[in-house]
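Just a sequence and a predicted model for now, questions to come.
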Amino acid sequence: MQDPLFYLIMAAAGLAGLVIVAVTALRGWNGWLDLKRAELAQGSREATPPSAATRIEVADLKERIRKLEAIAAGVDL
């Protein structure tokens, strides 16, 4: 096992494997960044103010939550 060619081949194979893993990881990272950029771009287009019905529904849900919290705390309304 003192053959220098063996060690040279093993080093080259290890380096090739490392390069393959690094390139794959970088492609995945770039794909993830592209996905996040697309999500941010889509989110900025959907930044329209909520309708009156939606605001009323949210206010109703907040009131229900407040009542439930009061019941859980033992406070009479």
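Noted; the coordinates are in hand. Keep in mind that what you see is a predicted model, and the values were worked out from it rather than measured. Numbering: from 1, shown residues only.

Just the mean pLDDT for stretch 42-56, thanks.
In this model, stretch 42-56 has an average pLDDT of 77.

now the end-to-end length of it.
In stretch 42-56, first residue to last residue: 26 Å (Cα to Cα, to the nearest Å).

Kindly report the same for stretch 42-59.
Criterion Cα to Cα; first-to-last residue distance in stretch 42-59 is 27 Å.

Map the structural domains onto the sequence of the chain.
1-46, 49-77 (automatic domain parsing).

What residues of the shortest one count as buried?
Residues of domain 49-77 include none that count as buried (16 or more other Cβ atoms under 10 Å). Heads up, the C-betas are built off the backbone N, CA and C, glycines and all.

For this protein, which residues score under the pLDDT cut-off?
1, 44-47, 76-77 (pLDDT under 70).

so where do the helices sit in it?
In the chain, the segments counted as helices under DSSP state H are 4-45, 52-73.
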